[in-house]
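> Just need the structure, nothing else, for what follows:
(one chain, ligands or ions: 1)
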Amino acid sequence: MSDAAVHTSWVVLWGVLGALIGSFANVVVHRWPRGESVVWPRSRCPRCQHVLGPLELVPIVSWLVLRGRCSACGGAISARYPLVEAAMALGFAVIAWSLPVTETGASALPLLTLYAMLLMAALIDLDTYLLPDGLTIPAAFVGVAGAFLYDPRTSLPSPAEALLGAAVGAGVLVLVNRLGGLVLRRLKDTKERLWPISLDTVNAAAFVGVLGGWWAALVAGGAQALASGAARRPLRLPEPLLYALWLIALVLVGSGVGEAWGVSLVDGVAGSVVGAGAFAFLGALWWWLADWRRSDRRSPVEESGPPHDDDGEPVAMGFGDVKLAAPLGAMLGWDGFLVGLLFAVVLGAVVGVAQRLAGGSRFVPFGPFMVVGALAALLVAEPLLAWYLGLLGV
Ligand SMILES: [Zn+2]
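Model (predicted):
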């Protein structure tokens, strides 16, 4: 077989595998938020409980052959199922085509895994306004660990760039979460009190980061967490005071005062974002593992968006979105993440306005827009295509 034929065979193979994983994804998206097993029992028709046979489980084709109806009761089956299977198949094929195994080795594997996890997370968010920690937090690890597999000739992030991207992603969103929440609460302090690692840790890192850059931010957050653990209560400043000081520090560093000790405005902003993001993710990981250790596990999902959090406080940006930003940042690097976030905001605004004009009132969560924006950034911002064409000498 010629190289082109081998490559085409790989792309088709991954596309077929993608369709099968898409079929499994439909099951996960349906059952995970209900706390049901995703591997057992076999899938049934929701209307007549008829157990689906092997032929009815063939992705896309079975839906087309049966014309979207259950073979037993004739009830309509949502077109969403074959669409998800097709989206998974298409995404897998595009990734396999862009990163041929003969040229870039295992580079495609982490991206295939991330694509499947992120698509499932986005669909669950769309259905339930919840982003499962069991998808977003492991996806961040896949994103960072996967960077070790990327071929250096691709423009995909190095492991260090992936780690930085995860911190920047979580950092940008957690700062929007804190500042937006403060505005919505009319500048009142939050009621949340957690230790050892919490939003107070994030706040400490965010404030010190402005003045001292990101090493200082990491030291400050670590010190806050250790001291809170030792004191068995959160050591904190009220959020209105802390973010007033944060703003003053930002203005001071912006006016060049920080040059006296070698911190520019860029250093300060980067320090604040990276420090806040690092502790937002570590905190998420800590509390996720703590939930796991406890036998009385609650719902395996985290609020992603709508109007109120557990304490009944209004939130501008759900904490689920903060956790989702970590794998997106790891996948794209910090610059690609910001491009994807821009796409997400624009897309979210367009869809929001269109929905208003159409008279709809359903709140659409931000998570799916973040995923779509990130995938667009991956395709557009990454000159993978140009690189691939260059390899072929086109
Ligand atoms: Zn049926």
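> Please enumerate the helices of the stretch 101-250 of the chain.
101-104, 108-128, 133-146, 159-184, 199-231, 239-254 (DSSP state H, counting those that start in this stretch).
> helices and strands around the third one, which ones?
Meaning helix 133-146. Judged by 3 or more C-beta pairs under 8 Å, 6 or more residues apart in numbering; DSSP states H and E, the packing partners of helix 133-146 are helix 108-128, helix 159-184, helix 265-293, strand 301-303, helix 319-357. Backbone N, C-alpha and C define where each C-beta goes, glycine included.
> Which of these sits closest to Gly367?
helix 108-128 (3.7 Å; C-beta to C-beta).
> just checking, what packs against the closest one?
Helix 108-128 packs on helix 3-31, helix 80-98, strand 130-132, helix 133-146, helix 319-357, helix 367-380, going by 3+ C-beta pairs under 8 Å, 6+ apart.
> buried stuff in it?
108-126, 128 (16 or more other C-beta atoms under 10 Å).
> Start and end of stretch 194-203, how far apart?
Stretch 194-203 has an end-to-end distance of 13 Å (criterion: C-alpha to C-alpha, to the nearest Å).
> looking only at pLDDT, what's the mean for that stretch?
For stretch 194-203, the mean pLDDT works out to 92.
> re the thing from before, would you convert the helices and strands packed on helix 108-128 into JSON lines that also reports distance to Val51, mean neighbour count and mean pLDDT?
Below are the helices and strands packed on helix 108-128 laid out as JSON lines (distance: least, C-beta to C-beta, whole Å; neighbours: other C-beta atoms under 10 Å; pLDDT from 0 to 100):
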{"stretch": "helix 3-31", "distance to Val51": "13", "mean neighbour count": "17", "mean pLDDT": "93"}
{"stretch": "helix 80-98", "distance to Val51": "16", "mean neighbour count": "20", "mean pLDDT": "94"}
{"stretch": "strand 130-132", "distance to Val51": "26", "mean neighbour count": "25", "mean pLDDT": "92"}
{"stretch": "helix 133-146", "distance to Val51": "27", "mean neighbour count": "22", "mean pLDDT": "96"}
{"stretch": "helix 319-357", "distance to Val51": "34", "mean neighbour count": "22", "mean pLDDT": "93"}
{"stretch": "helix 367-380", "distance to Val51": "31", "mean neighbour count": "23", "mean pLDDT": "91"}
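> I'd like those written out as CSV, with distance to the ion added.
As requested, those are exported to CSV (distance: least, C-beta to the ion, whole Å):
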stretch, distance to the ion
helix 3-31, 15
helix 80-98, 14
strand 130-132, 28
helix 133-146, 29
helix 319-357, 32
helix 367-380, 29
